[in-house]
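**Student:** coords below, sequence missing:
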């Protein structure tokens, strides 16, 4: 038997892949220089990045953290031999004014209050944002807005609690009246009437009386003193939380079979979406008082919040309408075939699913709203950008521009970017359902 | 047979209004209408009472009064003796100009960036991601201020041109300064004079007859060239031989246009340093350019995201099929992917255009005199008529938005796939 | 319990539709707080410092009124207003008085239905140019780019000036002083125009103030003063005579340092006595107590002291008294007599 064979009996050892396909070289080849066009793109992109960094980095690395004024900064840079308009950043302004940019003119000794409110906000949001958190915490989420109001604006704790009690009364009224009158409609009417009566006639005396017995209060803070990112977050959060129920109502109204309701909702939504937010803010600052009975007067912050809420609710309505439209018709038909009436079907079947689908849209509405809060500076509320103007009106910091813009932009980026990532995470998590 | 009472003979009872589904919707609507109308009535009543107390009932006569202020960037003739209405009209034109410029560049940039974001080139894809995230997560107002700041601080001032520190670009035809950009301006030395629309009213509008003639000739030429091409197609279909027509086509388009331009004395006016500023040429103010750039870049980031989503929604099989047919990647994108993706992209794109149009109202932050700057800005300040000016302003913006979305929805319906 | 300032007025007033305004004085006393409209940030006139406390020339007027009415110069709620919002804020009652370097003009007084109670600063619109430009008169500014602050009478004056001199210009309207300054310094405009006081305060903050010149032409009269709504004469009188008290105090040599003493020893000058309430009872005629003027003067000093402290020559803003000197020193600051 010849000791050779035509068929190889053992495997050849694996050859190393060609140099051009592996390692750094291979990576570069596949990812950066795979074709002539790609190579040109790579070179252009590299040139752009390098020149941007070369422009910004030397400016940003500037030992001026301790400076007390712009001329101080210029002095420090001068000693280092750096001259000219873009010799270096003047970070002293951030060190001296960062609390102002974040909180406005909020009293320094009371800064713990917004911080606590912010931490509690996290607790209140947890059951909404993450499924693993026990749902019992939702109770806290319901109380939170009132607690937050008290923490930020101060005053007696009983006033916001008395307003909250109105909501509780509404619930109680609904259950009791429905049971005894046997009619849901009467129950609904009672639910609307009871809290309004309570708020008009009892909130003040009751809260004053309780306060007299058990005074728990914080020092009041004027809303003029609330500014910066605190104001942005407050306006954004109020806008989104209040616009959610309004948006649901508007979205349902827009889908309603009742033409009058439908067209009222359509007109409202299209009007709000058709005009720029800034004109609505002008309305808040100049006209809203005219719409109220003579002699009425309320805070500009509150007026802006009202307009922002109306603005957001129109957008929210469209987001929720999208969620409703995305539900398969089978869901509606299933509800009908079970004999559920409109409201029960909405409550048990449609809304839970539609809202779930809409969450990414809701988050992006919130991001948009949060960014839009910078416009309130145009009507004279101290948003971060108007604050930066105010800081530059100070003799010491006149002429500082990029440092402030950079800081404001960075904080906005951190807020919005983390929210958009969260929304993407949700989108992935929810993507399993409706395919 | 005992007479069972017929349930329908009971007559109408009041409770049916609530419990009978036949009547209930009517009841709810009437109640709702009553509520809505009384709420609106309450608002109007309050407003009237308040305005009467201030002694300034709503009336629009102030629009005819002399405005008294000047407008820097303007498309039509205007001076401070003109009426507030004229000022508002010019502001509206400025708004439209900015919106148009912004929508065009934002769309082009958005599509390019959206495609590049899916590029296989690692660094380009990363760079585009960074760009999109940066613009989407920072307020547009801040971007406008940043671009405006860069324009002002980095570009040379006109005085630097005088001292020779800066020089003009493109063979001395264009000057980039921190006040804006001066580019050559098309001028006619002969031809016909302009004619004026709407006579002497606030909406008067001068139309250049020369420009109209030029456009008419140009479009006529293009139409003629198409005719030629069609004939060539027919001949090719019939005989199999295609006559060479490209030079005829070019001739039909360009010869008449050039002749007409020459006859009307067409020339370019170049900007030149004169006194404090450049004179001559077309002047794009820095506020316009800053807004244009910032709004385009900001909106492009959003458009890029919808373009990316649209492209990714096209099934991979489409591009694989195109590759299998030997179509190059670039042509695959242009001929196979984008036309299909366009149907998905257009609806979000419309809403981005609407957003951009509404965001032009931020012009107030950099002193560009748009509708917000004239009617709802200086006119409001000078006359103190906040109710009237805001009502008109909001109505105009609303009309603009509805118009854009109506036009775009019409277009969208016309390109929609006919579903089976 | 003091109600929450934020929602309190809403719940109380929105539903009680017939709630008529009892008069600004009663409102201010009831709220125990004077709501005063000021600028959002103008160095020397009204700006919040690092601690968030409002300082400035206009702010001092608000504090004086608060001291006269409420007895405490700190009981002021400063409402920052923009050029656009200031008049509506006053008209709608959001603020009780406006002290935001506002020019007294016919149409504002008559058509907008406001009452200017006096003049606390005589100003005029001027021009600032870099010296390198080599311009010595505003009439040489043909073709120049001019930065103006919007929401003021400035743009109208400017249009009138250039039109009447038949020269062209290009306006750049800007919302805030800080922005205008940035543009002017970068050379995006050749000229910066606003009230001469504003020019001085702006120039003072430059790196090299000596490189810039204020042109001799003053193209307008700008009497700046506090204003209130038409129709509440008692309140108008209070603000008017508080301002007059500050002016008279300077004329009579009453300062924040000696106001307590002069009042107590019942000085020889009868007008001082009437002013400070040791003789007669002018306060009661206003609906206030006797010491109202003494308190107004004590909180920030007399007119001269306020001027020197906020915008005077020793401050960074460095404005000379000029027209704003007391009439006894050849200026225009003049008060009707206290009698």
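**Tutor:** Cool, the structure landed. If you're wondering where the values come from, they're calculated on a predicted model, not measured in any experiment.
**Student:** Mind listing what's buried along the helix or strand where residue A:408 lies?
**Tutor:** Per DSSP states H and E, residue A:408 falls inside helix A:402-430. Within helix A:402-430, the residues that count as buried by 16 or more other Cβ atoms under 10 Å in any protein chain shown are A:402-409, A:411-412, A:415-417, A:419-420, A:423, A:426. The way it works is simple: take the backbone N, C-alpha and C, and place the C-beta from them, glycine included.
**Student:** Show the overlap between the residues you listed and what lies near chain B.
**Tutor:** A:402, A:405, A:408-409, A:412, A:415-417, A:420 (Cβ under 8 Å from any Cβ of the partner chain).
**Student:** Which one of those residues is nearest to chain B?
**Tutor:** Nearest to chain B among these: residue A:416, at 3.7 Å, using Cβ to the nearest Cβ.
**Student:** Identify the residue nearest the closest residue to chain A within the stretch 201-339 of chain C in space, chain neighbours excluded?
**Tutor:** Residue nearest to chain A within the stretch 201-339 of chain C (Cβ to the nearest Cβ): residue C:205, separated by 4.2 Å. Nearest residue to residue C:205, sequence neighbours excluded (Cβ to Cβ, 6 or more residues apart in numbering or on different chains): residue A:398, at 4.2 Å.
**Student:** distance of that neighbour from residue B:403?
**Tutor:** 45 Å (Cβ to Cβ, to the nearest Å).
**Student:** what about these two, which has more around it?
**Tutor:** Legend: neighbour count by other Cβ atoms under 10 Å in any protein chain shown for residue A:398 and residue B:403, higher for residue A:398 (23 against 12).
**Student:** Got the phi and psi for the more buried one?
**Tutor:** phi -60, psi 120 (degrees, to the nearest 10).
**Student:** Verify the contact between it and residue A:90 for me.
**Tutor:** No - taking contacts as Cβ atoms under 8 Å, residue A:398 lies outside contact range of residue A:90: 11.2 Å.
**Student:** what touches both of those two?
**Tutor:** The contact sets of residue A:398 and residue A:90 overlap at residue A:70 (Cβ atoms under 8 Å, 6 or more residues apart in numbering or on different chains).
**Student:** what's the neighbour count on residue A:6?
**Tutor:** By the criterion of other Cβ under 10 Å, residue A:6 has 4 neighbours.
**Student:** same question, residue A:80
**Tutor:** 13.
**Student:** mind listing what it touches?
**Tutor:** A:63, A:88.
**Student:** Do me a favour and get the backbone dihedrals for whichever residue of chain B sits closest to chain C.
**Tutor:** Chain C sits closest to residue B:157 of chain B, with a gap of 2.8 Å, by Cβ to the nearest Cβ. The phi and psi torsions at residue B:157 (degrees, to the nearest 10) take the values phi -80, psi 160.
**Student:** Is it correct that residue B:415 is in contact with residue B:342?
**Tutor:** Yes - counting by Cβ under 8 Å, residue B:342 is a contact partner of residue B:415 at 7.2 Å.
**Student:** Looking only at neighbour counts, state which of the two leads.
**Tutor:** Taking other Cβ under 10 Å, residue B:415 and residue B:342 do not tie; residue B:342 has more neighbours (14 against 10).
**Student:** buried residues in the helix or strand where the more buried one lies?
**Tutor:** With elements taken from DSSP H and E, the one containing residue B:342 is helix B:338-359. Of all the residues in helix B:338-359, those buried under the rule 16+ other Cβ under 10 Å are B:338, B:340-341, B:344-346, B:348-359.
**Student:** What about residue B:117, how many residues nearby?
**Tutor:** 20.
**Student:** again with residue A:12
**Tutor:** 6.
**Student:** so is it in a helix, a strand, or just coil?
**Tutor:** Judged by DSSP: H, G, I helix; E, B strand; the rest coil, the three-state class of residue A:12 is coil.
**Student:** Now for it: which residues touch it?
**Tutor:** Applying Cβ under 8 Å, 6+ apart, no residues contact residue A:12.
**Student:** Against residue A:20, how distant is it?
**Tutor:** 21 Å.
**Student:** Apart from its neighbours in sequence, what residue is nearest residue 279?
**Tutor:** Defaulting to chain A. Using Cβ to Cβ, 6+ apart, the closest residue to residue A:279 is residue B:394 (5.1 Å).
**Student:** Oops, wrong one, chain B.
**Tutor:** Among residues not flanking residue B:279 along the chain, residue B:272 sits closest, at 6.2 Å (Cβ to Cβ, 6+ apart).
**Student:** Quick check: phi and psi on that neighbour?
**Tutor:** Residue torsions, per degrees, to the nearest 10, at residue B:272 are phi -140, psi 150.
**Student:** Contact partners for the one residue sitting closest to the centre of chain A?
**Tutor:** For chain A, the residue sitting closest to the mean C-alpha position, by Cα atoms, centre = their mean, is residue A:366 at 3.9 Å. Contact analysis of residue A:366 by Cβ under 8 Å, 6+ apart lists A:236, A:240, A:419.
**Student:** mind listing what residue 121 touches?
**Tutor:** Answering for chain A, as no chain was given. A:144, A:148, A:237 are the contacts of residue A:121 under Cβ under 8 Å, 6+ apart.
**Student:** actually it's chain C I care about, not the one you picked
**Tutor:** Residue C:121 neighbours (Cβ under 8 Å, 6+ apart): C:57, C:101, C:197, C:223-225, C:324.
**Student:** Can you name the residues that contact the residue nearest to residue B:279?
**Tutor:** Going by Cβ under 8 Å, 6+ apart, the list of residues near residue B:272 reads B:278-281.
**Student:** Of these, which belong to strands?
**Tutor:** The strands, defined by DSSP state E, take in B:278-279 from the contacts of residue B:272.
**Student:** circling back: identify the farthest-apart pair in the ones next to chain B among the buried residues of helix A:402-430.
**Tutor:** The most widely separated members of those, counting by Cβ to Cβ, are A:402 and A:420 (25.1 Å).
**Student:** residue in the stretch 151-300 of chain B nearest to chain A?
**Tutor:** residue B:153 (7.0 Å).
**Student:** how about the strands of the stretch 1-150 of chain C, start to end?
**Tutor:** C:34-39, C:47-48, C:54-55, C:76-81, C:97-98, C:114-116, C:121-123, C:125-130, C:144-149 (DSSP state E, counting those that start in this stretch).
**Student:** quick one: buried residues of the last one?
**Tutor:** The neighbour-count criterion (16+ other Cβ under 10 Å) identifies C:144-149 as the buried residues of strand C:144-149.
**Student:** Pick the one among those closest to residue C:36.
**Tutor:** Closest approach between those and residue C:36, by Cβ to Cβ: residue C:149, at 21.3 Å.
**Student:** what's the closest non-adjacent residue to the closest one?
**Tutor:** That would be residue C:194: by Cβ to Cβ, 6+ apart, it lies 5.2 Å from residue C:149.
**Student:** Would you check that residue A:413 makes contact with residue B:137?
**Tutor:** Yes - using Cβ under 8 Å, residue A:413 and residue B:137 qualify as a contacting pair, with a distance of 4.8 Å.
**Student:** Could you report the pLDDT at the residue nearest to residue A:279?
**Tutor:** Looking at residue B:394, its pLDDT reads 94.
**Student:** And it, which helix or strand is it part of?
**Tutor:** Short version: residue B:394 belongs to helix B:386-415, going by DSSP H and E.
**Student:** In terms of secondary structure, what does that helix contact?
**Tutor:** Counting contacts by 3 or more Cβ pairs under 8 Å, 6 or more residues apart in numbering or on different chains; DSSP states H and E, helix B:386-415 is packed against helix A:259-274, helix A:277-282, helix B:84-117, helix B:338-359, helix B:371-373, helix B:380-383.
**Student:** run the last query once more with 10 Å
**Tutor:** Under the contact definition 3 or more Cβ pairs under 10 Å, 6 or more residues apart in numbering or on different chains; DSSP states H and E, helix B:386-415 sits against helix A:259-274, helix A:277-282, helix B:21-54, helix B:84-117, helix B:338-359, helix B:371-373, helix B:380-383, helix C:86-91.
**Student:** Let me know the angle separating that helix from helix B:338-359.
**Tutor:** Using axes from the mean of the first three to the mean of the last three Cα atoms, to 10 degrees, the inter-axis angle of helix B:386-415 relative to helix B:338-359 is 180 degrees.
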